[in-house]
Each structure stands twice: as C-alpha cells, then as structure tokens.
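In: How does the following fold in three dimensions:
(one chain, ligands or ions: 1)
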Amino acid sequence: MQSYQTLVEAAKTFATEAANLVRSSRNEQLSISSKSSITDMVTDVDKAAENYLVERIHQVFPEHSIIAEEGSDHKGSSEVSWIIDPIDGTTNFIYGFPSYSVSVGVRTHDDVVAGAVYNIPENALYWSGKGMGAFKNSSQIHVRDKVAISKSLIGTGFGYSALRRVAQAKFLASIIGEVRDIRRAGAASLDLCFLAEGRLDGYYEAGLWPWDYTAAALIVREAGGTILGPTDEEPSGELTIGASNLELADFLRRKVIPFLPFEED
Ligand code: IPD
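Out: Residues are numbered from 1 along each chain as shown. Here you go, the predicted structure:
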C-alpha cells in the first residue's frame, strides 16, 4: 500500500483540480435535475467533476475502490477506497451562495487516513493525514479552546425529505435556547472544516452520507476535535456529531437521541 503521505498529496491534488473545474464551469448555463426529491438537485457540473475525479484516481491508483455521490462507484482489488463528493453544497453552487466544496477522503479498511476539502468560494484547501494534524492551505488549524455549551455556536444541516426536515427542525428548536446560536450554511464538509478551524464550536446532522463527512471528520479529529457517530453506539446509526470538546459532543448526542430516528417521506 502507498504511504499515507502519498495518499494525502494525491487527495489534495485531485480535490484542487476538481475545484478548478467546478469554479470555471459556474458561469456556464447549468443543466439541473432532481434526485431523491425536488429539493435535492444535481447539475451537469457535479457529474463532470465526479467523472474527472474518478478518471484521475483510476489513472494513478487503478487498484483502489471508489465510492462517489453521483454513483460512479468502483470496486477495486485493494483495501483502499476513495470517498468523493464532487460538489458538496450543490444548492449553494447553483444559487451562488458561498459555501460549496469538493471533498475527497481516503480510507483503508475502516480507518480514514487522508482527507482534502476544497472550499471553492474561499479558494482554500483544508487537508489532513492520519497523525499529521489538520491544515488550511499551509497553516495548521485547531478547534477552539474549551467553550461552554451556553456559549457554543452550533452548525447543522437538513436532509432532502420533507418529513425528516420537520423532525430535524423540532430538534433544533429543542436546543436553540441552550446554545449561543445556530448556523446552517449548506455544505456539511465545510461545516465540519469550520469547526476544525474555530468558526463553529459544534456540528450535528442525522442522515449524512459518507462522502459528506469522511474527509472532514478526519480534519476535525486531527484539529483536536471530537467526532461521534455514525459508527458509535447511538440508536439509529445515522448521526454525525462534531464538537470542539467532548462535553459539547455529549450534550448534542444526549439531546438528539430522543428525536431519533428522523423518519423519511
Ligand atoms: C448536502 C449538504 C448539506 C447537508 C445535506 C447534504 P449535497 O450535500 O452537505 O449541508 O445538510 O444533508 O446532503 O447534496 O449538497 O452534496
């Protein structure tokens, strides 16, 4: 198997190249269709960026597997998998709301060893390798120092099923009086990177897919934060919680569990 360093460098390169493709396609006429619901959109640029990433990974690592948001999955002979989201925050990309990214994570068995998340509107690359720390471009990043729950700024997101969104909003209403405030910026991978660099104190969402959080969860851990779920022992097996400290992560988990599972339409 390649060294972690090789995989980290490749993840950074592929995410940056795909981000350039996405950025340069933004002013073209987008072709938009819907997926799981009318609110769940995909564009020709998502597909082109995914094809680009898949080709690059195949070129350099033909034996690796790929798990990709728009469906270009590939089962390779090696134990290494690439988990890719060609555009996380597609709605923002379409509207020009400045929070969308390319996310590239690399896993061996169940261990995530490399992650790169390119924040396209900000032109910044978040990245990490297992045991290497977390970085934004060339600067090391860290979660905020211990923050009290009452002073914590919490990010979240909503799924694409109407029923699930209503349940998610009810949970949100149950914590908004106990924390400093809530943010919903629209790209889970970036929300987690914002947590890693101290722009948020915590983040939770139920129902994320691996391509939304794999790369960014490594970045949070390597920045000194805590990630709970979806492999931990919460009942629905579908929750992603990130926080700058364990107390805050526990608070979010304790509060959300009575609301789970968030049913879908
Ligand atoms: C979505 C975004 C959003 C989150 C949704 C995700 P997509 O990813 O990350 O913030 O709330 O759950 O599905 O569809 O833009 O790649």
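In: Could you use CA atoms for every contact and neighbour count after this?
Out: Fine.
In: name the element the most centrally placed residue in the chain belongs to?
Out: In the chain, the centroid-proximal residue (CA atoms, centre = their mean) is Ser189; its distance is 2.4 Å. Using DSSP states H and E, Ser189 maps to helix 188-196.
In: I figured the residue nearest to the centre of the chain hits Val117, correct?
Out: Yes. Between Ser189 and Val117 there is a contact under CA atoms under 8 Å: 7.0 Å.
In: shared neighbours of these two, anything?
Out: Taking CA atoms under 8 Å, 6 or more residues apart in numbering as the criterion, Ser189 and Val117 both touch 101, 103, 215-216.
In: check contacts around the residue nearest to the centre of the chain.
Out: Applying CA under 8 Å, 6+ apart to Ser189 gives the contacts 88, 101, 103, 117, 212-213, 215-216.
In: cool, and Phe194?
Out: Phe194 sits next to Leu200 when contact means CA under 8 Å, 6+ apart.
In: For it, give its distance to Gly76.
Out: For Phe194, the distance to Gly76 equals 33 Å [CA to CA, to the nearest Å].
In: Who are the packing partners of the helix or strand where Lys255 lies?
Out: Here Lys255, judged by DSSP H and E, is contained in helix 246-256. Secondary-structure packing of helix 246-256 (3 or more CA pairs under 8 Å, 6 or more residues apart in numbering; DSSP states H and E): helix 162-175, strand 202-206, strand 226-228, strand 239-243.
In: now the helices for the chain?
Out: 4-25, 44-60, 90-95, 162-175, 188-196, 210-222, 246-256 (DSSP state H).
In: Could you identify which of these is most buried?
Out: With neighbours taken as mean count of other CA atoms under 10 Å, those reach their highest mean count in helix 188-196, at a mean of 29.
In: now the angle from that one to strand 239-243?
Out: 30 degrees (axes from the mean of the first three to the mean of the last three CA atoms, to 10 degrees).
In: shouldn't Ala162 be in contact with Glu264?
Out: Yes. Here Ala162 reaches Glu264: they are 7.5 Å apart, a contact under CA under 8 Å.
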